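> Here's a sequence, model it:
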Amino acid sequence: MSNKRKTWEIRSIHHPVITVFAPDWLAALGAAMTELDLQDGLDRLVCERLSSGLIIANDIGRNVRFTIRNTTTRAEVPSRALRLTPRLQAPRPEPPRSGPYLDWMLDGLRSIH
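Here you go, the predicted structure:
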């Protein structure tokens, strides 16, 4: 872990959003608990880190869920920039000009009409 202090955003449906500066998410959660006047700590903590970087911390004893997100490295990318990026498309295959398959298809189409 780095000693660099990062910005963390802690959310819960039971409390207002809190932004704290801490070296890691656990220290950020502890600082938020102090700010929420919950100094007696967590009863039983179950945590999960999602692939998006969001950390979900469930306090089983209090039945409270906290979400913790590192907002230090979040880059604001305009949504239009993604739409303006040209898509690379595979070239379309040329239809056959002649051959047994094409002759068979043309004969089938002639018999329908």
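> which secondary structure elements does the helix or strand hosting Arg69 contact?
According to DSSP states H and E, Arg69 maps onto strand 64-70. Counting contacts by 3 or more C-beta pairs under 8 Å, 6 or more residues apart in numbering; DSSP states H and E, strand 64-70 is packed against strand 6-12, helix 25-35, strand 55-59. For the C-beta atoms, the positions are set from N, CA and C on the backbone; glycine is no exception.
> Redo those as a markdown table? Include distance to Pro91, mean neighbour count and mean pLDDT.
Converted to a markdown table, the helices and strands packed on strand 64-70 look like this (distance: least, C-beta to C-beta, whole Å; neighbours: other C-beta atoms under 10 Å; pLDDT from 0 to 100):
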| stretch | distance to Pro91 | mean neighbour count | mean pLDDT |
| --- | --- | --- | --- |
| strand 6-12 | 46 | 19 | 91 |
| helix 25-35 | 47 | 19 | 88 |
| strand 55-59 | 45 | 18 | 90 |
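> Turn these into TSV, including distance to Arg65.
Listed next are the helices and strands packed on strand 64-70 as TSV, based on distance: least, C-beta to C-beta, whole Å:
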stretch	distance to Arg65
strand 6-12	6
helix 25-35	12
strand 55-59	5
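> nearest to Glu48, of these?
With C-beta to C-beta as the criterion, Glu48 lies closest to strand 55-59 of those, at 4.8 Å.
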